[in-house]
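Asker: Mind looking at a prediction? Sequence and model below.
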Amino acid sequence: MAVIRSLRQWARRLRRDALTLWFAWRNPGTPRLVKGVCVLVVAYALSPIDLIPDFIPVLGYLDDAIVLPALIWLALRMLPANVLHDSRSQAQAWIERHLRKPRMWAGAIAIVLIWAFILCLAWVWWQSRGS
């Protein structure tokens, strides 16, 4: 039971931290480079579509379990302390009010475009093999 409880706490912190980055991205005190990192991580975290679909064995959950937390950790480390504190407070208030995470459809569109690009490259490669 302790393992399940700690996993739930970790998931709650991860959710709060992704939301923290969303607020940090909109904060004028966040440096431009860090804003860029935040917007990429937030777009991926809040996108309703995963880069690696969950139905793919092992890899499907790898992004949710390792890649996304690592990106969130990196982005949080890059934030100035005052921006991090303000953004965490805003994220906690959002969670208490809305009880759900916001959706970022721009992230979903980016994921779809990445997959379309990969499929186009694969098709071009496959066509060139037949020539």
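Answerer: Looks like it came in fine.

Asker: List the contacts of the residue positioned nearest the centre of the chain.
Answerer: Nearest to the geometric centre of the chain sits Ala45, at 2.2 Å (Cα atoms, centre = their mean). With contacts defined as Cβ atoms under 8 Å, 6 or more residues apart in numbering, Ala45 is in contact with 18, 21, 68, 71-72, 107. The C-beta positions use only the backbone N, C-alpha and C, and glycine is treated the same way.

Asker: now the strand or helix carrying it, how far from the centre of its chain.
Answerer: Secondary structure assignment for Ala45, by DSSP states H and E: helix 32-46. Averaging C-alpha positions (Cα atoms, centre = their mean, to the nearest Å) puts helix 32-46 8 Å from its chain's average.

Asker: Following element in sequence after that helix, please.
Answerer: According to DSSP H and E, the helix or strand after helix 32-46 is helix 59-62.

Asker: Only alpha carbons, please: show the helix or strand just after that next one as PDB.
Answerer: Per DSSP H and E, the first helix or strand lying C-terminal to helix 59-62 is helix 68-78. The C-alpha trace of helix 68-78 is given here as PDB (Å, rounded to 0.1, in the frame of the first residue of the first chain):
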ATOM      1  CA  LEU A  68       7.900  13.500 -19.500                       C
ATOM      2  CA  PRO A  69       9.000  13.600 -15.900                       C
ATOM      3  CA  ALA A  70      12.600  14.200 -17.000                       C
ATOM      4  CA  LEU A  71      11.600  17.100 -19.200                       C
ATOM      5  CA  ILE A  72       9.500  18.600 -16.500                       C
ATOM      6  CA  TRP A  73      12.400  18.300 -14.000                       C
ATOM      7  CA  LEU A  74      14.700  20.000 -16.400                       C
ATOM      8  CA  ALA A  75      12.400  22.900 -17.100                       C
ATOM      9  CA  LEU A  76      11.700  23.400 -13.400                       C
ATOM     10  CA  ARG A  77      15.500  23.600 -12.800                       C
ATOM     11  CA  MET A  78      15.800  26.300 -15.400                       C
END
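
Asker: Next, the buried residues of helix 68-78.
Answerer: Across helix 68-78, burial judged by 16 or more other Cβ atoms under 10 Å covers 68-69, 71-72, 75-76, 78.
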